[in-house]
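K.L.:
build me a model:
(one chain, ligands or ions: 1)
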Amino acid sequence: MISFNQVEKYYGDTLALSIPQLTLEAGIYWIQGENGAGKTTCLKMLAGLLPFKGQVLLDDHIDSRKAPIAYRKKVNYAVAEPLYPEFLTGHELIQLYLDTKGPGPYAVEELARTLGAGSYLQTPVGTYSSGMLKKLSLLLAFLGNPSLILLDEPLITLDVATVAAMYGLISRMHATGVSFMITTHQALSEEGLLLTGTLQVAHKTMVRL
Ligand SMILES: Nc1ncnc2c1ncn2[C@@H]1O[C@H](COP(=O)(O)OP(=O)(O)OP(=O)(O)O)[C@@H](O)[C@H]1O
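P.N.:
Purely as a prediction, here's the structure:
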């Protein structure tokens, strides 16, 4: 699904993260590591939002740096603390993402209903609670036809029912070939989500456990 070759991310002269050689088959991965270890840095690099040294290859042939547009169409990212222009409505943001990513197998209404976001998407995001914003950001990450979905701290601010619904969505999408890389400091429920593997970021290096 994805391979890293001599990947290094520096902030200025400071090395933040190194992934010398790692190949992951399709699956659901939990990225673990203490505060400041480099998890968000890893997801931002994978989302194509940060420059880095080395190579990231998706599905054996899409190079994140040589084919950035094709790559970004296949990689979706939900940030830990979503922020959007306050005057836009949820529906307007969804339309923007659909215009960029193209339609996918899941209808917006179905995703919104499953995540419990259906009732408020016509109002501006400036009026949303943190949990409502989080649901919208997850909905946006599930749009299009991604090979890989990156979820940074998806559990924070979600109510219990929505966590269960999100696990269900992840499992359904995984069954159709979509992979996930998820960071969370909370335990991912093993009954809710069948993990393929765990990745550990420590001493500025990411390895598979
Ligand atoms: N824009 C930046 N400029 C300089 N240093 C940065 C920048 N962003 C992150 N860092 C540094 O990179 C390291 C990794 O940060 P990162 O946000 O990836 O950690 P994290 O594992 O996601 O942490 P947390 O669990 O607290 O969210 C930290 O030492 C942080 O200070």
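
K.L.:
okay, CA-based contacts and neighbour counts for the rest of this
P.N.:
Will do.

K.L.:
strands along the protein, start to end?
P.N.:
2-11, 14-24, 28-32, 53-58, 62-63, 75-78, 148-152, 179-183, 197-202, 205-208 (DSSP state E).

K.L.:
can you put those in TSV and add mean pLDDT?
P.N.:
What follows is the strands of the chain, written out as TSV (pLDDT from 0 to 100):
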stretch	mean pLDDT
strand 2-11	97
strand 14-24	96
strand 28-32	96
strand 53-58	97
strand 62-63	96
strand 75-78	97
strand 148-152	98
strand 179-183	98
strand 197-202	96
strand 205-208	96
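
K.L.:
can you list those in CSV and add mean neighbour count and distance to the ligand?
P.N.:
CSV is the format used below for these (neighbours: other C-alpha atoms under 10 Å; distance: least, C-alpha to the nearest ligand atom, whole Å):
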stretch, mean neighbour count, distance to the ligand
strand 2-11, 18, 5
strand 14-24, 17, 5
strand 28-32, 22, 8
strand 53-58, 19, 15
strand 62-63, 18, 22
strand 75-78, 24, 13
strand 148-152, 25, 8
strand 179-183, 24, 8
strand 197-202, 18, 7
strand 205-208, 17, 11
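
K.L.:
could these be laid out in a markdown table, adding distance to Phe142?
P.N.:
Compiled in a markdown table, these are given as follows (distance: least, C-alpha to C-alpha, whole Å):
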| stretch | distance to Phe142 |
| --- | --- |
| strand 2-11 | 19 |
| strand 14-24 | 21 |
| strand 28-32 | 14 |
| strand 53-58 | 18 |
| strand 62-63 | 20 |
| strand 75-78 | 7 |
| strand 148-152 | 8 |
| strand 179-183 | 11 |
| strand 197-202 | 21 |
| strand 205-208 | 25 |
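
K.L.:
tally of neighbours for Lys135?
P.N.:
Residues near Lys135, counting by other C-alpha atoms under 10 Å, number 23.

K.L.:
do you know how far it is from the ligand?
P.N.:
Distance, Lys135 to the ligand, using C-alpha to the nearest ligand atom, to the nearest Å: 19 Å.
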